[in-house]
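**Student:** Give me coordinates for this.
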Amino acid sequence: MTPTNSKTLFLFLCDQMAKLDRKEIDVQTATAQSSLARQANVVRMYELKKKEQKIRAKYGYTYSDVDDDLD
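**Tutor:** Numbers count the residues shown, from 1 in each chain. Down below sits the predicted model:
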């Protein structure tokens with residue numbers, strides 16, 4: 001399995017849209033791959049929120065608190 005982050009997931013989706021536009025894949029295949037990408041994103045967001053909870057428990061702040069301080 002290839003490691004996937006937000007950037008590679010987005011590039012995959014863009015590539016699939018281009019393939020669909022060029023009729024290299026059918027709508028059913030594109031729909032199935034889109035569904036899998038959505039599920040991967042849900043897992044990615046879960047892991048991010050879990051990490052945020054650990055940071056909040058350890059240090060008492062979140063990523064958004066740090067972002068607010070940078071503005």
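**Student:** CA only for contacts and neighbour counts going forward, please
**Tutor:** Will do.
**Student:** Which element, helix or strand, includes Lys58?
**Tutor:** Here Lys58 sits within helix 27-59, counting by DSSP states H and E.
**Student:** Can you point out the buried residues in that helix?
**Tutor:** Residues of helix 27-59 classed as buried: 30, 34, 37, 40-41, 52-53 (neighbour count, 16 or more other C-alpha atoms under 10 Å).
**Student:** any idea which of those residues is closest to Arg22?
**Tutor:** When the buried residues of helix 27-59 are compared for distance to Arg22 (C-alpha to C-alpha), Ala30 wins out at 12.2 Å.
**Student:** Might you report the residue contacts of the closest one?
**Tutor:** Going by C-alpha atoms under 8 Å, 6 or more residues apart in numbering, Ala30 touches 16-17, 20.
**Student:** most surrounded residue in those residues?
**Tutor:** Neighbour tally across the contacts of Ala30 (other C-alpha atoms under 10 Å): the maximum, 19 neighbours, falls on Gln16.
**Student:** How confident was the prediction at it?
**Tutor:** On pLDDT, Gln16 comes in at 91.
**Student:** can you tell me how far it sits from Ala32?
**Tutor:** For Gln16, the distance to Ala32 equals 11 Å [C-alpha to C-alpha, to the nearest Å].
**Student:** cool, and Gln39?
**Tutor:** The value you get for Gln39 to Ala32, if C-alpha to C-alpha is used, is 11 Å.
**Student:** Could you list the low-confidence segments of this protein?
**Tutor:** 1-4, 61-71 (pLDDT under 70).
**Student:** For it, which residue occupies the most central location?
**Tutor:** Asn41 (3.8 Å; C-alpha atoms, centre = their mean).
**Student:** Pull the contacting residues for that one.
**Tutor:** Asn41 makes no contacts at all, as judged by C-alpha under 8 Å, 6+ apart.
**Student:** The one 3 residues further on now?
**Tutor:** With C-alpha under 8 Å, 6+ apart as the criterion, no residue contacts Arg44.
**Student:** Now whichever strand or helix holds Ala18: buried residues?
**Tutor:** Assigned by DSSP H and E, Ala18 belongs to helix 6-21. Using 16+ other C-alpha under 10 Å as the test for burial, helix 6-21 gives 9, 12-13, 16-17.
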